[in-house]
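Undergrad: Quick one: sequence plus predicted model below, questions after.
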Amino acid sequence: MKRNISKLELALATIIALVLVVGLPVLNATDVVGNFTINLWGKYLCYGLLAISVDLLWGYTGLLSLGQALFFSLGGYMLGMNLMLMIGKDGQYYKAGNNPNLLPDFMVFLGHTFLPSFWRPFNSFPIAVMMVVIVPGVLALIFGFFAFRSRIKGVYFSILTQALTYAAYIFLLQNDVTMGGNNGFTDFKRILGFDIRHPATQRGLYIATALLLVAVYAFARWLTTTKFGLVQRAIRDSETRVLFSGYAAANYKLFIFVVASTVAALGGALYVPQVGIINPSELATDKSLEAVVWCAVGGRGTIIGPIIGAISVNALKSWATTKYPDYWLIILGVLFILIVLFMPKGIVGLPAQLRALFKRKPGAPELAPVPAAEAANAKS
Amino acid sequence: MPLIPSLSANHARAWLRLLAWSLCSLLAVLPLRAADTARQTIAKAILEEDADKKTTLINSLVGQTDPIIPVLLNTWKEDAIFLYKIDDDHKVPVTLVEGKDADDKQAAVRVDDGQPLTDKDGKSIRLLASDLDAAEHDSNLRATMKGVLDLLSLTDPNRDKRIQAINTLGMSQETEKLPALLKLQATEKDGKVLRALREAVALMQLKDEKPEVQIAAAKALGAMGSIPSRDFLTQLAKDSEGKPEIVKAANDAAVAIAAHIKVVNTVSAAFHGLSLGSILLVAAIGLAITFGLMGVINMAHGELIAVGAYTTYVIQGLFATGVVLQIPTFFFQPYTLRLSGMNLAGTKLDNYFLVALPMSFLVAALVGLLLERCVIRFLYRRPLESLLATWGVSLVLQQMFRLTFGANNVQVYSPAYLSGNWTIFDVILGWNRVFVICFAILIIFGTHLLLTKTPLGLLIRAVTQNRTMAACMGVKTQRVNMLTFAFGAGLAGLAGAFLSQIGNVGPSLGQDYIVNAFMTVVVGGVGNLMGTVISALGIGVIDQSLQQILLNPVVGKILVLVGIILFLQWRPAGIFVTKSRSLEG
């Protein structure tokens, strides 16, 4: 892996960033690209952020977290609370005259008359945005502190994060926690005073997402080339040796876990206003695994890979769910098995893999080479 | 001896008188007794004008065993007994027979003898219901009928019906029915019925006028731990203010019953916990082998459970009326496969489950074998990637279920021997739960024997401990892996057959169990069957107890998950740790 960023990569990244941040919105404003497409790409880029967060943990640190969808959704929920309160006088119950305190409709439906106290700060947009970072970050800090302190790693970490997500899932499904229960939050009207359905607002949200993605890309790319990034990869390849060299591996892992969770949460916060709904199904077990799929398809251990993976798998999904609704899951499943078996480096690693294949004698085994990291982690 | 003849004459006269009297009474009584069957009594009661006499006639039915009595009384209550006028003075009560002809007319049956209604020539008469008057009844009469019916069902030959009738009477606290209960108590032999009788009698005696009887009854109820009597006892305590002995007895009894309820709830929670633990264990035991022993994270384990459950469904279909499967043929019209069934019913149909058990094991083992050969054998050294690839498999399988069996849950019928329950001291033990506990014990024992006492078990242990070393010693590790995985998958299938009796069978069946199954294995400690057993039972019992205490299943579940995360702080490798000198373990 290259330690420094080559000029070619810098140039390519700049071009792609410009296309995403400036090109698409301009085309949209001039009606060349439809509103639906810009919205779709906004969604893909949010998924890209989620995929980067998985990759920072899995690809660079060897921590396969099956809980990133939890942080993504939590970020979404936090912003969603603000959006729910901003519905204000457009709510159905207010119009019918049953909601003088301007509660979100679902609360009136459940018989509440006053806003629960923990909802009140969310009337302010800046506080909601702060919460988007703080709540998932603190949760990651607490969970990570306990998990890494007792050196839970490998498969155990995966299963525990999955359990955490599952616990949060059944928790949010309840009506008593006043987070919308099964239906979650939806029917948003405005964000920061702008009509949320207006194409210009959606374009603004898209630009914000693209900017954030570029920033996160640059940050992650920088982080992984620093000394911190080296220790990170050393932990992935042999944690014991890192420990014996005198590094507090747990602190490094904790830091990257909190950073990755915050990235996922920011992605979720931008996802919700663009999709217009957030409910507990976003943190079902499948969603975290799906994010891992994007990462694996694009190529883990690189920063661009997860973005490519998130966009390509979701584009495939958009196409297949309309064309072959019955077979979409089978396509995804088979694709995933094949990629794990035969393309461990994903799309990004494909050129190198093909080159190696042509260099070898014909008839060479097409089995995927075992990456050092996994071989070391394997049960002996 | 003038006295003697007179004496003998006196004697003779006395005898004669006795004879005459007997004859008279015989003449008076016999025809009446012989003629008045239950049907005739009811017919008379219907025609009787005087309300008191009507009530007396109906009450006279008590003690008769004719099964027609409840039928006719209920028909009367439902306004389905009609009065047919022969002439102005004579009416005949009739019931109409099902089956209307073209004119909506129905054949009629006389209430008094059960024969078809005929005219003078013996031709049967058909009547129109709307032309006739229904036999009348007022609320008084209905109450009488209900009382008679209640008392009649006390002698019902069916034990459960008898118990139910006794309980109803007891709860009604109608003290005038007490003698009937006491009479029954003298003749009844069945222990359960006797217990119900004692309870009912004591309940009625709570209404007694004598305080000592009331106190004795309250004490008896307390000693019996009679749960339904709790409200009556509190009522009694409220009603008998100023009589401290009664209040004290009633309160003492209520306290005793509350303690009994606590015991019952605790025992029920323990039993439910045990059965939930067994379910977890059955679901996790296959995983304990594939994950615990082989180190393969099989996310498709849940779907292997579903394979077992669907196999049970298909076998059931084959025994009953057949099944229709939509075999997906990728991108073409699905092929509809119709399997005709054997149309069995009753106990013969119940036997399907005995066939389904081995079949679900075999089918799931076969799927597991295929999975191992095609996917997993490439990933033994990459556990995290086996997680991802098997998740892909689980997606494919789930969608296949959805396409083949439909997206909705399918109905799996429980055989009679799994759908009943035992009630022991108010604790309900469902047979399916008892069965799953026994089954879990059996599976654990069998797996333990297989691993420790057979040559295959030795090889499995050798390969799982050190694959390379085993290969060097000439063990065919590939074959052992294949068999071990197939065995684990088969156990998952077996679990599916059982879970089909307890929960829903649908495409996402596996998803309901997978997280918990992994938890169970992780908490138990990888590579240790005993740890899995303890953790499954522990999680099951704690989950049920928390539900009992918090009265909120979701919070209980969340607490269990959080508890597991904290538990792993304390013992990161589970309850039982496999000791190893290797650093990367």
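TA: Yes, it's here.
Undergrad: Flag every residue of the stretch 301-450 of chain B that's near chain A.
TA: With C-beta under 8 Å from any C-beta of the partner chain as the criterion, the stretch 301-450 of chain B meets chain A at residues B:328, B:330-331, B:375, B:378-385, B:387-389, B:391-396, B:398-400, B:403. C-betas here are computed from N, CA, C, even on glycine.
Undergrad: Narrow these to those in helices?
TA: Cross-referencing those against helices under DSSP state H gives B:383-385, B:387-389, B:391-396, B:398-400, B:403.
Undergrad: ok, of those, which come out buried?
TA: Burial by neighbour count, judged by 16 or more other C-beta atoms under 10 Å in any protein chain shown, picks out B:383-385, B:387-389, B:391-396, B:398-400, B:403 from these.
Undergrad: how deep is residue 298 tucked in, by neighbour count?
TA: Looking at chain A here, since you left the chain open. 30 (other C-beta atoms under 10 Å in any protein chain shown).
Undergrad: um, chain B though
TA: 33.
Undergrad: Repeat that for B:Ile441.
TA: B:Ile441, neighbours per other C-beta under 10 Å, totals 13.
Undergrad: Tell me how far it lies from B:Arg338.
TA: 40 Å (C-beta to C-beta, to the nearest Å).
Undergrad: residue ranges of the strands in the stretch 401-550 of chain B, please?
TA: Secondary structure of the stretch 401-550 of chain B (DSSP state E, counting those that start in this stretch): strands located at B:421-424, B:427-430.
Undergrad: Serialize those to CSV and add fields for mean neighbour count.
TA: Shown next, in CSV, are these (neighbours: other C-beta atoms under 10 Å in any protein chain shown):
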stretch, mean neighbour count
strand B:421-424, 10
strand B:427-430, 16
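Undergrad: can you redo those as CSV with mean pLDDT?
TA: What follows is these, written out as CSV (pLDDT from 0 to 100):
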stretch, mean pLDDT
strand B:421-424, 74
strand B:427-430, 76
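Undergrad: In CSV, list those along with distance to A:Ser281.
TA: Shown next, in CSV, are the strands of the stretch 401-550 of chain B (distance: least, C-beta to C-beta, whole Å):
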stretch, distance to A:Ser281
strand B:421-424, 36
strand B:427-430, 33
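Undergrad: which ones are touching the residue of the stretch 101-250 of chain A found nearest chain B?
TA: Residue of the stretch 101-250 of chain A nearest chain B, by C-beta to the nearest C-beta: A:Ala167 (4.1 Å). By C-beta atoms under 8 Å, 6 or more residues apart in numbering or on different chains, A:Ala167 lies in contact with B:Lys557, B:Ile558, B:Leu561, B:Val562.
Undergrad: thought the third one was touching A:Ala163?
TA: Yes: counting by C-beta atoms under 8 Å, B:Leu561 touches A:Ala163, with 5.1 Å between them.
Undergrad: joint contacts of these two?
TA: Counting by C-beta under 8 Å, 6+ apart, the residues touching both B:Leu561 and A:Ala163 are B:Met519.
Undergrad: list the contacts for B:Ile285?
TA: Counting by C-beta under 8 Å, 6+ apart, B:Ile285 has contacts B:Ala440, B:Ile443, B:Ile444, B:Thr447, B:Leu491, B:Ala495, B:Leu529, B:Thr532.
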